[in-house]
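**Q** take a look and give me a structure for this.
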Amino acid sequence: MSHPHPELTAPGELPEGGLRVTPLGGLGEVGRNMTVFEYDGRLLIVDCGVLFPEDHHPGVDLILPDFEPIRDRLDQVEALVLTHGHEDHIGATPFLLRERGDIPLVGSKLTLALVAPKLREHRLKETVRHEVAEGDTITFGPFELEFVAVNHSIPDALAVAIRTGAGVALHTGDFKMDQLPLDGRITDLRAFARLGEAGVDLFLTDSTNAEVPGFTTGEKQITPVIDRVFRESDQRIIVACFASHIHRVQQVLDAAAAHGRKVGYVGRSMVRNMQIASDLGYLDVPTGVMVEAKELAKLPPEKVVLVSTGSQGEPLSALSRIANGTHNFVHIEPGDTVLLASSLIPGNENAVYRVINGLARLGAHVVHKGNALVHVSGHASAGELLYCYNIVQPRNVMPVHGEVRHLLANGEVAASAGIDNVVIAEDGVVVDLIDGVARITGKVDAGYVFVDGTSIGDVTESELKDRRILGEEGFISVIVVVDSVSGKVAAGPEIHARGHAWADTAFDDIKQPIADAVNRVVAEGTTDTYQLQQTVRRVIGRWVAEKHRRRPMIIPVVLEA
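**A** Reported below is the predicted structural model:
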């Protein structure tokens, strides 16, 4: 396997007849998926998603791919292909279209329907959209695209085969190989085999579950577990899952109908997405089952089911507010059952367990992945990937979608299938397919772009570091007034502190050392305000570090009077 080298430089010109692949997100993390294909001076983008912030991104709402490497080439973009409707694949689409609004969008019926509200929210109503389905072929410039059905944890997911003069690249998108999916739409291995027989030059494959041996459990195996929860519960049932997991909601609706319960949706995204899914025929709502969530309070508890957002412990989600006792109309009663029908995304563990504990404290019985089979992954495990490699028999493999460990595990599966050339790339690492051989040829900057309120890209890593320091170490301001004639301290130091246990500390024993240090520096001939501020910073910083073992943010202000 070829690995990216940390000292890679910018790639040179793409040789004539070559295909260049540049991942701008999704390789090295699970989120903000975006891959740019270049051929004959034209560009094709596959997916444009967001990454959700973690605890070390205070104040950040979303994280976008970095569009900078293609910003001056947006007029060369032929189309944006969206493989499926999850946020980590579509969420950044409106931010890209704000920079060039007429990029054609290509996707399945459900995927485009889920993108549409985002475009309206950003006032991008005139965007050209091309609805495609499995088996369809469509051409944009030098790119001929063929779409293949794959199943995932959202309906209507597609893989895409990209044909150019350089060969065929097959991108799986997110997929698994559930052989008995709820909607009967299986991953089309016959199409994979047909493409492989004709020759796949570069196979870009979902890596998320590559470390997991064997095969991903089928969705149908969850049905009896959900049925048992409904059978054993004699009060309200609250089900929390992703607002895009239409199959899981279908299972809940079917169980509710079978057990004589009414269902209401809680959470804006859940209400919107399920309405879209129902309108388009992806969700079959049994007659008489649905009611407005607020109307459920009028029914006896044994007749009630709530389907809620917040399965990842998001602080402002419906389930978190229910667990905190702050939801406006849903309040936990002892004996209620809460079913967390979702995976545990790495990094969210503490938030999820905080919600579980809050629900349990209120008397709820909580059923989750740790104690019942209430969720299965949407991604292919190692056994499924091996089948794909043996069926497609590609000339080159480039693992995509996953953290570095996932990419490496996927690469090892490909190598075990006898594929000689496996390219392990990360965000920004450029891979060129030339004369049938894929190799790393350089690197472009593909950093995080932070969305903070209405600000896009203005928040830097340096500012996030300041926020982390403020949150963890606290804040001290020191104001010193210096006599403009004598240069000596005329007033102060006045010291204020916030954000830590020592903030109420008396600072009397450090005030004189600060004044002495300023007077000494002035006596040595320094009159520069910046230098005086740095002197103040050093003195109080050393004192706080020695006395309180803390390194707060220090804002020194030196004024002349």
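**Q** give me the number of residues near Arg185?
**A** Using other Cβ atoms under 10 Å as the criterion, Arg185 is surrounded by 15 other residues. For the C-beta atoms, the positions are set from N, CA and C on the backbone; glycine is no exception.
**Q** wait, what's in contact with it?
**A** When contacts are counted by Cβ atoms under 8 Å, 6 or more residues apart in numbering, Arg185 is found next to 149, 151, 155.
**Q** gap between the second one and Val544?
**A** When Cβ to Cβ, to the nearest Å is applied, the distance between Asn151 and Val544 equals 57 Å.
**Q** between the two, who's got more neighbours?
**A** For Asn151 and Val544, the more surrounded residue by other Cβ under 10 Å is Asn151, and the numbers stand at 27 against 23.
**Q** identify the residues contacting the more buried one.
**A** Applying Cβ under 8 Å, 6+ apart, we find Asn151 in contact with 157, 175-178, 181, 183, 185-187.
**Q** repeat that for Leu19.
**A** Contacts for Leu19 (Cβ under 8 Å, 6+ apart) come out as 37-39, 164, 166-167, 169, 202, 432-434.
**Q** buried subset of the residues you listed?
**A** When those are checked for burial by 16 or more other Cβ atoms under 10 Å, the buried set is 37-39, 164, 166-167, 169, 202, 432-434.
**Q** which ones among those residues lie within helices?
**A** The members of those all map outside helices under DSSP state H.
**Q** report the buried residues of the longest helix anywhere in the chain.
**A** Taking DSSP H as the criterion, the chain has its longest helix at helix 529-548. Along helix 529-548, the positions that meet the burial threshold by neighbour count (16+ other Cβ under 10 Å) are 532-533, 535-537, 539-541, 544.
**Q** could you export the contacts of Leu19 as JSON lines, including distance to Gly335?
**A** As requested, the contacts of Leu19 are exported to JSON lines (distance: Cβ to Cβ, whole Å):
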{"residue": "Phe37", "distance to Gly335": "55"}
{"residue": "Glu38", "distance to Gly335": "60"}
{"residue": "Tyr39", "distance to Gly335": "62"}
{"residue": "Thr164", "distance to Gly335": "61"}
{"residue": "Ala166", "distance to Gly335": "63"}
{"residue": "Gly167", "distance to Gly335": "61"}
{"residue": "Ala169", "distance to Gly335": "55"}
{"residue": "Leu202", "distance to Gly335": "56"}
{"residue": "Asp432", "distance to Gly335": "62"}
{"residue": "Leu433", "distance to Gly335": "60"}
{"residue": "Ile434", "distance to Gly335": "66"}
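**Q** out of those, which is nearest to Val266?
**A** Within those, distances to Val266 taken as Cβ to Cβ reach their minimum at Phe37, with 40.7 Å.
**Q** how close does that closest one sit to Ser377?
**A** Taken as Cβ to Cβ, the span from Phe37 to Ser377 is 27 Å.
**Q** nearest to Val115, of the contacts of Arg185?
**A** Once Cβ to Cβ is applied, the member of the contacts of Arg185 that ends up nearest Val115 is Pro155, at 14.8 Å.
**Q** element containing that closest one?
**A** In this assignment (DSSP states H and E), Pro155 forms part of neither any helix nor any strand.
**Q** that one: what's it in contact with?
**A** 110, 183, 185, 246-247, 277, 282.
**Q** which residues does Ile322 contact?
**A** Remark: with contacts taken as Cβ under 8 Å, 6+ apart, Ile322 is in contact with 238, 308, 310, 330-332, 359.
**Q** give me the element it is part of.
**A** Counting by DSSP H and E, the secondary-structure element that holds Ile322 is helix 318-324.
**Q** what comes up buried for that helix?
**A** By neighbour count on 16+ other Cβ under 10 Å, the buried set for helix 318-324 is 318-323.
**Q** okay, it in PDB with CA atoms only?
**A** Taking only C-alpha atoms (Å, rounded to 0.1, in the frame of the first residue of the first chain), the coordinates of helix 318-324 have been written out as PDB:
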ATOM      1  CA  ALA A 318     -35.800  17.000  21.900                       C
ATOM      2  CA  LEU A 319     -34.500  14.000  23.800                       C
ATOM      3  CA  SER A 320     -32.000  16.000  25.800                       C
ATOM      4  CA  ARG A 321     -34.700  18.500  26.800                       C
ATOM      5  CA  ILE A 322     -36.900  15.600  27.800                       C
ATOM      6  CA  ALA A 323     -34.100  14.100  29.900                       C
ATOM      7  CA  ASN A 324     -33.500  17.500  31.500                       C
END
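**Q** quick check: mean pLDDT of it?
**A** Predicted confidence along helix 318-324 averages 84 (mean pLDDT).
**Q** off-centre distance for it?
**A** In terms of Cα atoms, centre = their mean, to the nearest Å, the gap separating the centre of helix 318-324 from the centre of its chain is 22 Å.
**Q** PyMOL command for the buried members of the contacts of Pro155?
**A** The PyMOL selection below is limited to those of the contacts of Pro155 classed as buried (16+ other Cβ under 10 Å):
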select buried, resi 110+183+246+247+277+282
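**Q** farthest pair in the contacts of Pro155?
**A** The most widely separated members of the contacts of Pro155, counting by Cβ to Cβ, are Arg185 and Ala277 (14.1 Å).
**Q** would you map out the domains in this structure?
**A** Using automatic domain parsing, the domain parsing of the chain gives 19-215+377-452, 219-367, 461-560.
**Q** just the endpoints, please. Distance across the second one?
**A** Length of domain 219-367, first residue to last, Cα to Cα, to the nearest Å: 17 Å.
**Q** tell me the one among the buried residues of helix 529-548 nearest to Phe230.
**A** The shortest separation between Phe230 and any of the buried residues of helix 529-548 is 57.6 Å, and it belongs to Val544 (by Cβ to Cβ).
**Q** and the residue nearest to that closest one when sequence neighbours are not counted, how many neighbours?
**A** Spatial nearest neighbour of Val544, excluding adjacent residues (Cβ to Cβ, 6 or more residues apart in numbering): Arg550 at 5.5 Å. The tally of other residues near Arg550 (other Cβ under 10 Å) stands at 16.
**Q** for Arg550, helix, strand, or coil?
**A** coil (DSSP: H, G, I helix; E, B strand; the rest coil).
**Q** now swap in Glu412 and tell me
**A** Judged by three-state DSSP, the three-state class of Glu412 is helix.
**Q** oh, and call the first residue 41 from now on, that's how I've got it
**A** Let's use 41 as the start, then, which means that last one is Glu452.
**Q** how many neighbours does it have?
**A** With other Cβ under 10 Å as criterion, Glu452 counts 16.
**Q** over to Ala557?
**A** Summarising burial for Ala557: neighbours were counted as other Cβ under 10 Å, giving 18.
**Q** ok, it touching Thr575?
**A** Yes - contact status for Ala557 versus Thr575: in contact at 5.3 Å, counting by Cβ atoms under 8 Å.
**Q** and the domains of the chain as CSV, adding distance to Glu47?
**A** Compiled in CSV, those are given as follows (distance: least, Cβ to Cβ, whole Å):
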stretch, distance to Glu47
domain 59-255+417-492, 9
domain 259-407, 29
domain 501-600, 21
